[in-house]
Each structure stands twice: as structure tokens, then as C-alpha cells.
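build me a model from this:
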Amino acid sequence: MVNAEPGDVVKINTVKEEIHGTLLESSEQGVVLIKLKSGYNIGIKKEDIQNIEVVKKAEKEEKKHELKEKKNLPYVDVIITGGTISSRIDYKTGGVKWLTNPSELFKFYPEIFDIVNVRKIEIPFMKASENMSSSDWQKLAEICEKSLNDPDINGVIITHGTDFLHYTSAALSFFLRDLNKPVVLTYSQRSSDRASSDASLNLKCAAIAAVSDIAEVMLVGHASTNDDYCYAMPGTKVRKLHSSRRDAFKVVNAKPFAKIFPDGKIEKISKHSLRDDGKKVKLDNEFNDKIALIKFYPGQDPEILEHYSQKYHGIVIEASGLGHVAVSEEAKHDWLPKIKKAIDNGLIVCMASQTIFGRLDPLVYSPGRALLKAGVIFLEDMLAETSFVKLGWVLGHKQWKDKIKEKMLENFAGEVSERLEE
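The predicted structure follows:
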């Protein structure tokens, strides 16, 4: 055995095979942990190891990447919030940890500096996306507003965790009115130490999108499992539809704005607002947190509505494809009386579809017509998550108190598609 340390690249000869990888610190006695090039960790019994050869010593100190300016490159601001794209391998545990120094992020992804000059990096918080709340969305919008109204800045890039990213993108789509420049949220499914990481291409394409003429809040990430190009996807019409694939995000009931290629080429696909550097973006991040998103299931007791009527101001129900819940004498629980009572008591009740794709239509069958007559707001083809965020935003505007239905159906940020293609 040699004096190998965590982080060293090693070659291990066992009684059966030769293994190449990065040495991790083992937490179990008698086992040596190795991270393979594939990104997976394996354990090797010490008794099976014949010898360990250090191929490359670990770097003892992180070299800070200086944000040097390059002539003739446009400027962007970068906001780092957490997520896999902002993490790196921890050689003591074999897991990942946050990149706490901004220079670390660009040590792993130096290609961005061939596309843009990064004027400023902000880290308002470092959180997994499931730990965020509306106050975090509001903070991001405030930072974006300042950057976007700076004449020297061409766009904003936000790095973010994937799981609840579409809530943040929807919020920013509503919070930033009269958008003048691109706001690009990007991410990675796999951390930077993995050979299959999607972070580098995503960040490179995000930089290209951030200086484009697409003045929208958009997600930019892998369009397929290959490293060929990314999609620029509307912030209110996108959803994470796979737990681990690199092309996890898909546009729902709409089309991507564009294909973004790593060589700088942009292939437009659908309509979008155009950059207008002379325009000022308006911050409108009022939000009411007394809202909820609930999922209807067969046999569900509508008694739950009593709770929301007492403590909340509005709810979105994920209902059937056309927008139905149990409204019939043949059902174990008839939801119509409870819904009527809740609405009469001032609760705003909206419907979105569990099917994700397609549009609600309350007029096809009698249950839908009964719910519509009771005062339920049917939200067209709006995604449930977008509906939830929009409801909080609309209810946050006290001046809209008598216009809730009108505002929920108004198309503020492309959240409602005029026509759905098969």
C-alpha cells in the first residue's frame, strides 16, 4: 500500500482486475472506496488489493479563477442558488457538496468565458430547490430587475436545482413585467465530477441564450441525451418529466423558443418577445402564500376543503383531464356541496389537469358544467405548478380583489396557449 490520499487518481490491482479511479475516504473499516470515471462509487475489500499506484496527486489548494475581461465580449450577471450544477465531489464522503466560492464554478466550466464576460456573481442563498419559498423567488426577481435595467448588462444567468425549478421559472415570468433582456435558468442532472455531466453544455448554451435577442424567462438545458444542443424553453410551459435523464425538462402544450447550439448558432422555433435594451423591466413580485395545490383522487373526502376554507385564500385542484372531481350521487363523496360552500366563504377554487398535456373543458359533461356554475375557475391548458404560482401572484395584488377570475385567465407570460397542436 502507498501513501495515497482522498482525491488522488489511482490504479488499483486486485486479485481479479485492475481498477482506475479517484480515491475516496472510506467510512467502513476494511473497505477502500473508489469513484470511477463513470461517476459511480465502488468499494474494494482491502484484503483483495495487491497494490495501489498513485497516477496523479490531488490538488491541495483550489486555484481561484480570475474573472478576466475579454475585449468585444458582451456582459452578463450570474446568480448562483444551489443545485447539482453548483456542487462538486467531496472526496471524503464520495458525495457532493456546494461550491461555496464563485471561482470554483468557473474552474469547472471555463468555456463560458469564451462567450461572455461575467461582470458580477451573486449568491443570495445556496439551497436545494425543494427548500425554496416565495421569498426566495422574490429575492431573485429583485436581483434580476437591477441587472436587467443596467445598460451594460446583456442578460442574466441563474444556476438552480432541477426538481422544483419550474416553480421558480414561473414565478420570475410573472414577477418581471415588460421584460427587456433574457433571463436564463440553467441546471444539471449530474454533478461536474461525472463523465456524463450535462452541466458544461447547459451552462455554455445558457451563456449564448443570455446574450441573444430572446427577451424571455427561459430554461436552457439538454434537448436530448446527447451533447449536441439545448432547448430554450418557456418558463411557464415547462416541467421536469424524468428523475435522472439529461433531457429531463420538456415543454408542455407549447414549443421551445429555440435550439441553442454550443457553437453559438440559434435556431428559432416559436414566437417570443424581442430584446429591447432601451426598455426598463418592471418588478412586480407581490405574492400571497395562503394558497395550496391539491391532487384529487377517486374516493377522496372533500372534508379537506373545510381546512383550506378556514386557513387559505385560494387553492388549485389537480382534477381529471377535462377538470372533473366527483360530482355525482353515485360517488362515495360528492364534492359539489363542499366546493360551493368553500367558494361562498370566499375561497378561490381553480382547476388544472392531472394529465399535464391538453386543455380543460368544463362544458363537455354535466359535472364540469356544475362546477363552472358553482364558481370554479378552469385554467385552460395551464400547468398545475404554474397555476399555483400564478394564483399566489394574482392574490398578492389586493387591487385585483374583484377581478380574480379575470386575472387568472389573462395571459400574462405565455402560460395559456391559444391553440394546442396534436
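
which residues are contacting stretch 147-159?
Stretch 147-159 is contacted by residues 74-83, 85-86, 105, 116, 119-120, 140, 144, 168, 176, 179-187, 203, 206-207, 209-212, 277, 280-281 when judged by CB atoms under 8 Å, 6 or more residues apart in numbering. (C-beta placed from N, C-alpha, C; glycine too.)

in that stretch, which residues are buried?
147-148, 153-159 (16 or more other CB atoms under 10 Å).

nearest to residue 35 among those residues?
Within those, proximity to residue 35 (CB to CB) peaks at residue 159, which comes in at 23.0 Å.

partner residues bridging that closest one?
residue 80, residue 186 (DSSP bridges).

which residues does the nearest residue to residue 250 once chain neighbours are set aside contact?
Excluding the flanking residues, the one nearest residue 250 by CB to CB, 6 or more residues apart in numbering is residue 241, at 4.9 Å. Applying CB under 8 Å, 6+ apart, we find residue 241 in contact with 248-250.

compare these and tell me which is most surrounded.
Counting neighbours by other CB atoms under 10 Å, residue 249 comes out on top of the contacts of residue 241 with 27 neighbours.

that one and residue 117, how far apart?
28 Å (CB to CB, to the nearest Å).

and residue 207, that one's in a helix?
Yes: under DSSP: H, G, I helix; E, B strand; the rest coil, residue 207 sits within a helix.

tell me how far it lies from residue 126.
21 Å.

one more: residue 216?
26 Å.

higher neighbour count, those two?
Taking neighbours as other CB under 10 Å, residue 216 and residue 126 compare with residue 216 leading, 26 against 15.

the residue lying closest to residue 261 once chain neighbours are set aside - how many residues pack around it?
In this structure, residue 261 finds its nearest non-sequential neighbour in residue 229, 4.7 Å apart by CB to CB, 6+ apart. Residue 229: 19 surrounding residues under other CB under 10 Å.

likewise for residue 187?
29.

wait, doesn't it sit right on residue 202?
Yes: with contact defined as CB atoms under 8 Å, residue 187 reaches residue 202; the gap is 6.5 Å.

show me where the stretch 51-200 of the chain has strands.
75-80, 87-89, 96-98, 117-122, 155-159, 176-177, 183-186 (DSSP state E, counting those that start in this stretch).

now the last one: mean pLDDT?
Across strand 183-186, the average pLDDT comes to 97.

show me this structure divided up by domain.
9-56, 75-283, 291-409 (automatic domain parsing).

for those, which one ends up most surrounded?
By mean neighbour count, with neighbours taken as mean count of other CB atoms under 10 Å, domain 75-283 ranks first of these at a mean of 20.

start to end distance for that domain?
End-to-end span of domain 75-283 (CA to CA, to the nearest Å): 22 Å.

repeat that for stretch 327-338.
10 Å.

low-confidence ranges in the protein?
1-2, 25-29, 38-40, 59-68, 83-108, 190-197, 420-422 (pLDDT under 70).

so the residue nearest to residue 261 sits against residue 264, correct?
No: with contact defined as CB under 8 Å, residue 229 does not count as touching residue 264 (11.2 Å).

what's the separation between the closest residue to residue 312 other than its chain neighbours and residue 223?
Spatially, and ignoring its direct neighbours in sequence, residue 312 is nearest to residue 290 (4.9 Å; CB to CB, 6+ apart). Noted for residue 290: a distance of 38 Å to residue 223, by CB to CB.

repeat for residue 268
14 Å.

cool, and residue 131?
28 Å.

show me the contacts for residue 336.
Applying CB under 8 Å, 6+ apart, the residues near residue 336 are 327, 370-371, 374.

any chance of the residues you listed in TSV, plus secondary structure and distance to residue 48?
Output for the contacts of residue 336, formatted as TSV (DSSP: H, G, I helix; E, B strand; the rest coil; distance: CB to CB, whole Å):
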residue	secondary structure	distance to residue 48
327	coil	65
370	helix	70
371	helix	66
374	helix	69
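
noted, bye for now.
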